[in-house]
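[1] Based on what follows, work out the 3D shape:
(2 chains)
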Amino acid sequence: DAGITQSPRHKVTETGTPVTLRCHQTENHRYMYWYRQDPGHGLRLIHYSYGVKDTDKGEVSDGYSVSRSKTEDFLLTLESATSSQTSVYFCATKTGTLTYEQYFGPGTRLTVT
Amino acid sequence: EDQVTQSPEALRLQEGESSSLNCSYTVSGLRGLFWYRQDPGKGPEFLFTLYSAGEEKEKERLKATLTKKESFLHITAPKPEDSATYLCAVPQGGSEKLVFGKGTKLTVNP
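    You can find the predicted model right below:
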């Protein structure tokens, strides 16, 4: 158990509305990641953070922004949700730079109608 | 470009019927290969890390092996509770990011 919680766990929203997903960890891990998982595509990295206020883009970052104001929280915002952003979103953490395995949260299922 | 390819996409076994899942990778400077298990509606659960060719790791009915180009996840005498999607991943060269394969969905019938 990596001590990761995600909220909300399920959300239905309308096209064009902003949405924020939260990832909270209790292990004081430096690195945090946001992925989306879709059938046929597997897990794809959206954004990641390597410290407070330090973030970088992943392979599918368009339409998403992130913020990390404290170690334990990493927020993912869909600025104006589209139907193509309907997906399952997972947060993950990694302890430090000497290890590379990541540990995942339970996921948030987001539906954009 | 770093890539991870898993095969087969889906595998159906009868309980007790042993088999293997494959993960082939292309990455410069391997810094580990990771296997995960994912149950429906849940996040991936970390299983193993392999670092060098010839290395093996075991957990219950699962054994992971690594060569210079691929990894195998051997499942011995599987049970229905082994049904899940199995993912493999490698660190992307020069970064703190992982590249994931698309997974193998394993179904074990009683």
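[2] what about the chain, any weak spots by pLDDT?
    As the question left the chain open, I've gone with chain A. Applying pLDDT under 70 to chain A picks out residues A:1-2, A:96-97.
[3] not quite, I wanted chain B
    Flagging of chain B using pLDDT under 70 yields an empty set of residue ranges.
[4] Could you show which parts of chain B are in contact with chain A?
    B:31-32, B:34, B:36, B:41-46, B:49, B:87, B:89, B:91, B:96-98, B:100-103 (CB under 8 Å from any CB of the partner chain). The way it works is simple: take the backbone N, C-alpha and C, and place the C-beta from them, glycine included.
[5] cutoff 6 Å now
    With CB under 6 Å from any CB of the partner chain as the criterion, chain B meets chain A at residues B:31-32, B:34, B:43-44, B:46, B:49, B:91, B:96-97, B:100, B:102.
[6] Buried subset of these, written for ChimeraX?
    Remark: buried members of the residues of chain B next to chain A, expressed as a ChimeraX selection using 16 or more other CB atoms under 10 Å in any protein chain shown:
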select /B:32,34,43,44,46,49,91,96,97,100,102
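[7] Put together a markdown table for the residues of chain B next to chain A, with secondary structure on each row.
    Formatted as a markdown table, these follow (DSSP: H, G, I helix; E, B strand; the rest coil):
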| residue | secondary structure |
| --- | --- |
| B:Arg31 | coil |
| B:Gly32 | coil |
| B:Phe34 | strand |
| B:Gly43 | coil |
| B:Pro44 | coil |
| B:Phe46 | strand |
| B:Thr49 | strand |
| B:Pro91 | strand |
| B:Glu96 | coil |
| B:Lys97 | coil |
| B:Phe100 | strand |
| B:Lys102 | coil |
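[8] In chain A, mark out all the strands, start to finish.
    Secondary structure of chain A, counting by DSSP state E: strands at A:4-7, A:10-13, A:19-25, A:31-38, A:42-51, A:54-57, A:64-70, A:73-78, A:87-94, A:103-104, A:108-112.
[9] and the nearest residue to A:Leu45 once chain neighbours are set aside, how many neighbours?
    The spatially closest residue to A:Leu45, leaving aside those adjacent along the chain, is A:Gly58, at 3.1 Å (CB to CB, 6 or more residues apart in numbering or on different chains). Neighbourhood size, A:Gly58 [other CB atoms under 10 Å in any protein chain shown]: 17.
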